[in-house]
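Enquirer: this one's sequence-less:
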Ligand SMILES: C[S@@+](CC[C@H](N)C(=O)[O-])C[C@H]1O[C@@H](n2cnc3c(N)ncnc32)[C@H](O)[C@@H]1O
């Protein structure tokens, strides 16, 4: 049983970690321990609040204070930028967009309005389109997370017999890049909003994949590129309410041939085993940020059936939030 004080104290710790990451505290300690004054000089921070912020990080062993200097610890690594690290970008997204929305959870609970809209004045997608600095924060988070996910998903995804792939809502092409690299016989199209064209194309060019993957700027509520052998849609459906998911799936079904396959990649709730302890929180985060939610097998199955598709099987991967939900036309 979790002591509720512990939960509240962890919320303070999270805020302290976000501020330390934003200030670049951990990066400044890379070359060796430093005093509070040195860290303040490096990060342009005020010593009194910073001392208390560093204190809570020391309490939870994200830093260590010895001989009036702050040292990195084994846990500091989580909060430092490195290839394949996704936590700093997630913390920046949490600090800028998720936690301000959580501050409006009561308003949302009382009125049914979106906590995100109450906090930011617009939906996540409108915010990303209209304020490119905020858009970049969300997209950097998605990119870093998907770079980590993509290796596991690409390994689990069986592409034998598949020549053409469409990745729907593919972001900056992180998943499609990993799948194309693992399957040299494949060519792909990725669909996302037009304002992502430059970053996605830049990514494909950097990976040497531009000749094998076309970016299509569009709207999955209107249409999805037709005739692919395999359709993938990762971490998109949990962003939307049931009626919106129904429209996306109907458009995918309309684009599919009778022998095409669909693989939805996201977490599945209530798999029969006890949900991992992060799942309820993850579900609430999804609801607060987008109004969507993490679905059960039964919920996926009903939505797929209504769109003329059949849920064939659910394949787990080492990442709990990335199950492969295999479907095909009925
Ligand atoms: C949570 S992100 C997932 C990105 C990517 N699949 C991944 O896992 O990294 C959701 C994606 O859906 C895209 N999206 C949102 N609304 C869309 C629309 N109406 N049509 C096409 N893409 C859309 C966003 O731009 C974003 O890239």
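Expert: Structure's in. What do you need? Keep in mind the model is a prediction, meaning the values are calculated, not measured.
Enquirer: What parts of the protein come near the ligand?
Expert: 125, 142, 146, 169-171, 174-175, 191-193, 196, 219-221, 234-236, 239 (Cβ under 6 Å from any ligand atom). Placement of C-beta: from N, CA and C, glycine included.
Enquirer: Count the residues that sit near residue 297.
Expert: Counted with other Cβ atoms under 10 Å, residues neighbouring residue 297 total 17.
Enquirer: Show the residue spans covered by the helices in the stretch 51-200 of the chain.
Expert: Counting by DSSP state H, counting those that start in this stretch, the stretch 51-200 of the chain has helices at residues 87-93, 99-102, 105-111, 115-120, 124-130, 132-156, 174-182, 197-206.
Enquirer: Just put those in JSON lines and tack on mean neighbour count and mean pLDDT.
Expert: Converted to JSON lines, these look like this (neighbours: other Cβ atoms under 10 Å; pLDDT from 0 to 100):
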{"stretch": "helix 87-93", "mean neighbour count": "21", "mean pLDDT": "97"}
{"stretch": "helix 99-102", "mean neighbour count": "18", "mean pLDDT": "98"}
{"stretch": "helix 105-111", "mean neighbour count": "13", "mean pLDDT": "98"}
{"stretch": "helix 115-120", "mean neighbour count": "21", "mean pLDDT": "98"}
{"stretch": "helix 124-130", "mean neighbour count": "17", "mean pLDDT": "97"}
{"stretch": "helix 132-156", "mean neighbour count": "18", "mean pLDDT": "95"}
{"stretch": "helix 174-182", "mean neighbour count": "23", "mean pLDDT": "97"}
{"stretch": "helix 197-206", "mean neighbour count": "16", "mean pLDDT": "96"}
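Enquirer: can you redo those helices as a markdown table with distance to residue 253?
Expert: Compiled in a markdown table, those are given as follows (distance: least, Cβ to Cβ, whole Å):
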| stretch | distance to residue 253 |
| --- | --- |
| helix 87-93 | 32 |
| helix 99-102 | 32 |
| helix 105-111 | 32 |
| helix 115-120 | 29 |
| helix 124-130 | 23 |
| helix 132-156 | 22 |
| helix 174-182 | 21 |
| helix 197-206 | 25 |
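Enquirer: I'd like to know how far residue 53 sits from the ligand.
Expert: 30 Å (Cβ to the nearest ligand atom, to the nearest Å).
Enquirer: if we can go back for a sec, could you give me the PyMOL syntax to select whichever of the residues of the chain next to the ligand are buried?
Expert: To isolate the buried subset of the residues of the chain next to the ligand in PyMOL, counting by 16 or more other Cβ atoms under 10 Å, use the following:
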select buried, resi 142+146+169+170+171+174+175+191+192+193+196+220+234+235+236+239
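Enquirer: from the residues of the chain next to the ligand, which ones fall inside strands?
Expert: Here DSSP state E is the test, and the residues of the chain next to the ligand give 191, 192, 234 as lying in strands.
Enquirer: Might one say that residue 164 is in contact with residue 185?
Expert: No: judged on Cβ atoms under 8 Å, residue 164 makes no contact with residue 185 at a distance of 10.3 Å.
Enquirer: Looking at those two, which is more packed in?
Expert: residue 164 (15 against 11).
Enquirer: And that one, what's its pLDDT?
Expert: On the pLDDT scale, residue 164 is placed at 98.
Enquirer: Can you get me a residue count around the nearest residue to it once chain neighbours are set aside?
Expert: Leaving out its chain neighbours, the residue that sits closest to residue 164 by Cβ to Cβ, 6 or more residues apart in numbering is residue 228, at 4.5 Å. The number of residues packed near residue 228 is 25, by other Cβ under 10 Å.
Enquirer: ditto for residue 190
Expert: The burial count for residue 190: 26, using other Cβ under 10 Å.
Enquirer: Against residue 199, how distant is the residue nearest to the spatial centre of the chain?
Expert: Nearest to the mean C-alpha position of the chain, counting by Cα atoms, centre = their mean, stands residue 142 at 4.3 Å. For residue 142, the distance to residue 199 (Cβ to Cβ, to the nearest Å) stands at 11 Å.
Enquirer: Give the full set of residues in contact with residue 156.
Expert: 315, 317, 324 (Cβ atoms under 8 Å, 6 or more residues apart in numbering).
Enquirer: Most neighbours out of those residues, which is it?
Expert: In terms of neighbour count, residue 324 stands highest of the contacts of residue 156 at 21 neighbours, by other Cβ under 10 Å.
Enquirer: Look up the residues forming beta bridges with it.
Expert: residue 265, residue 315 (DSSP bridges).
Enquirer: what's the spacing between it and the ligand?
Expert: Distance, residue 324 to the ligand, by Cβ to the nearest ligand atom: 13 Å.
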